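J.: predicted model, plus sequence, below.
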Amino acid sequence: MIRTIASIFITLGLILGISVYETKQVSKTFRELKHSFETLQEKTELNTVTYDDGVAVRTFWDKKKETLHFWLPHGALQEIDFQLNEAIGFLSIDDAEGALPKIEVLVGLTDAIPHSYNFGMKNIF
Amino acid sequence: MGLIFIRTTIIFIALLAIMRFMGKRQIGEMQPYELVITLIISELACIPMADNSIPLLYGVIAILTVFLLHQIVCIIDLKFTALKPVISGSPSIVLNKNGIDDSQLKKNNLNVSDLIESLRIEGYFALDAIEYALYESEGAFSALPKKNFEQLQTSLPIILASEGKFDQKNVARTGRDLNYYQNILKEHGCKSEKKILIFTVDGNGKAYFQEKGKRYKVIDLGWKNTLW
């Protein structure tokens, strides 16, 4: 009986602990990502963006992606890969106008992806 | 992960409720919550294991949630006796001293044929040889025979009619026609075929008859020879 009650509290603690850590970790990562995508967006709008800026953002994203794979389905992260690579493709041919819509999508995704996995009624059902 | 926890809990409760509503027939020999766990745990383990696009933690959290719910249900089962019938169900006495309890059978989505089949599996062939019969909460069947039950089942009873319908083939097997049996029922106060809950006859001419909502009657048809 004591073992059963102890196992309930340990399991509950474990699940709650992992859930809180996941929520904080995912929110923090996507906040940082949003900031870097917004910086890239500003530079693109001002036409001061370079190919190296895009590559730097991709390196940053690749690093963050490693930990995000623990928490989120890989399919959700592939969309960022796809849009970011397309944006960098445009930047490699100095086409800031072509890259801008892709970067705008990336900024939107940094809001949409964590919201899809947030603790809320719309995601439960 | 909190999302997985809530979703697993909802699925667990929904499945448990469905298993309880479906009655004892669907359960087999497990408590409803044990069957629910058996149903979902293999899928929970397999999907993240086989699909590498899903984080392994999704499966781990869901399995931990199922374990947690199992432990909670175990505690409720042991300590909160008032809640036990809600979660695990309670035994249903389907045959008592008055005969078959039709309402209990219906409550468990069973019919008279299911009851007779369960009795035969337990080694009881005559309905009048049984004092009590019940379906346990996990779907197992138990019967308490009368002291002299072996003398009461010397020949295999055939179901002539159940739940308002005659079985023409079985009637023919007895070598008598439908009118013969309809007259016997009329003599014993059954005015309509539809009111029959069960009507059986064995090779010695011993009939077991019960009208819906009434006590059973054992009728000696007065056959001179044993027919089967």
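T.: Yes, it's here.
J.: verify the stated contact: residue B:207 with residue B:216.
T.: No: contact criterion CB atoms under 8 Å: residue B:207 and residue B:216 do not qualify, at 10.4 Å. Just so you know, the C-beta spots here come from the backbone N, C-alpha and C atoms, and that holds for glycine as well.
J.: between those two, which one's more packed in?
T.: residue B:207 (22 against 17; other CB atoms under 10 Å in any protein chain shown).
J.: what confidence value was assigned to the residue of chain B found nearest chain A?
T.: Proximity to chain A, evaluated over chain B using CB to the nearest CB, is greatest for residue B:2 at 3.7 Å. pLDDT, residue B:2: 77.
J.: that one and residue B:51: what is the separation?
T.: 21 Å (CB to CB, to the nearest Å).
J.: ok, and the closest non-adjacent residue to residue A:100?
T.: Excluding the flanking residues, the one nearest residue A:100 by CB to CB, 6 or more residues apart in numbering or on different chains is residue A:44, at 5.0 Å.
J.: got the contact list for the one you found?
T.: A:96, A:99, A:100, A:103 (CB atoms under 8 Å, 6 or more residues apart in numbering or on different chains).
J.: what's the next secondary structure element after the helix or strand hosting it?
T.: Applying DSSP states H and E as the criterion places residue A:44 in helix A:2-45. Downstream of helix A:2-45, the first helix or strand assigned by DSSP H and E is helix A:51-71.
J.: neighbours around residue A:17, how many?
T.: 11.
J.: who's in contact with the closest residue to residue A:4 other than its chain neighbours?
T.: With CB to CB, 6+ apart as the criterion, residue A:4 has its nearest non-adjacent residue at 5.3 Å, and that residue is residue B:71. Residues near residue B:71 by CB under 8 Å, 6+ apart: A:4, A:7, A:8, A:11.
J.: next one: residue B:203
T.: B:155, B:156, B:226, B:227, B:228.
J.: also residue B:79?
T.: If you count contacts by CB under 8 Å, 6+ apart, residue B:79 has none.
J.: who's sitting farthest from the centroid in chain B?
T.: residue B:53 (44.0 Å; CA atoms, centre = their mean).
J.: and it, how close does it get to residue A:77?
T.: Residue B:53 sits 10 Å away from residue A:77, taking CB to CB as the criterion.
J.: just residue B:132 next, same as before
T.: Separation of residue B:132 from residue A:77 (CB to CB): 62 Å.
J.: compare the two and say which is more crowded by neighbours.
T.: The residue with more neighbours, out of residue B:132 and residue A:77, is residue A:77; 19 against 14, by other CB under 10 Å.
J.: so the more buried one makes contact with residue A:67?
T.: No: contact between residue A:77 and residue A:67 fails when scored by CB under 8 Å: they sit 10.9 Å apart.
J.: got the residues of chain A near chain B?
T.: Counting by CB under 8 Å from any CB of the partner chain, chain A comes close to chain B at A:1, A:4-5, A:7-8, A:11-12, A:14-16, A:18-20, A:22-23, A:69-75, A:117-119, A:123-124.
J.: report the buried members of the residues you listed.
T.: A:8, A:11, A:12, A:15, A:18, A:19, A:22, A:23, A:71, A:72, A:73, A:117 (16 or more other CB atoms under 10 Å in any protein chain shown).
J.: where does chain B have low pLDDT?
T.: Applying pLDDT under 70 to chain B flags residues B:22-29.
J.: now the longest helix along chain B and helix A:2-45, what's the angle there?
T.: Of all segments of type helix in chain B, defined using DSSP state H, the longest is helix B:56-79. If you take axes from the mean of the first three to the mean of the last three CA atoms, to 10 degrees, helix B:56-79 sits at 150 degrees to helix A:2-45.
J.: buried sites along helix B:56-79?
T.: Buried, per 16+ other CB under 10 Å, within helix B:56-79: B:57-74, B:76.
J.: rewinding a little: neighbour-wise, which of residue B:2 and residue B:51 wins?
T.: Higher neighbour count among residue B:2 and residue B:51: residue B:2, with 20 against 13, using other CB under 10 Å.
J.: dihedrals phi and psi, that one?
T.: Per-residue torsions, residue B:2: phi -60, psi -30 (degrees, to the nearest 10).
J.: can you list the residues of chain B near chain A?
T.: So chain B meets chain A at B:1-3, B:5-7, B:10, B:52-55, B:57-58, B:61, B:64-65, B:67-68, B:71-72, B:74-75, B:78 (CB under 8 Å from any CB).
J.: could you redo the last one with a cut-off of 10 Å?
T.: With CB under 10 Å from any CB of the partner chain as the criterion, chain B meets chain A at residues B:1-10, B:48, B:51-58, B:60-62, B:64-65, B:67-72, B:74-75, B:78-79.
J.: neighbours around residue A:67, how many?
T.: Counted with other CB under 10 Å, the neighbours of residue A:67 add up to 12.
J.: on that earlier part again, tell me how far the helix holding residue A:44 lies from the chain's centre.
T.: Offset of helix A:2-45 from its chain centre (CA atoms, centre = their mean, to the nearest Å): 11 Å.
J.: do the same with stretch B:96-110
T.: 9 Å.
J.: CA atoms only for it, dumped as CSV, please.
T.: Output of stretch B:96-110 as CSV, limited to C-alpha atoms (Å, rounded to 0.1, in the frame of the first residue of the first chain):
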residue,chain,number,x,y,z
ASN,B,96,-31.9,-17.2,-8.5
LYS,B,97,-34.5,-19.2,-6.7
ASN,B,98,-37.3,-17.7,-8.8
GLY,B,99,-35.5,-18.6,-12.0
ILE,B,100,-33.7,-16.4,-14.6
ASP,B,101,-33.5,-12.7,-13.8
ASP,B,102,-34.1,-11.2,-17.2
SER,B,103,-33.4,-7.6,-16.1
GLN,B,104,-29.9,-8.6,-14.9
LEU,B,105,-29.2,-10.3,-18.2
LYS,B,106,-30.3,-7.2,-20.1
LYS,B,107,-28.2,-5.0,-17.9
ASN,B,108,-25.1,-6.9,-19.0
ASN,B,109,-26.1,-7.2,-22.6
LEU,B,110,-26.6,-10.9,-22.3
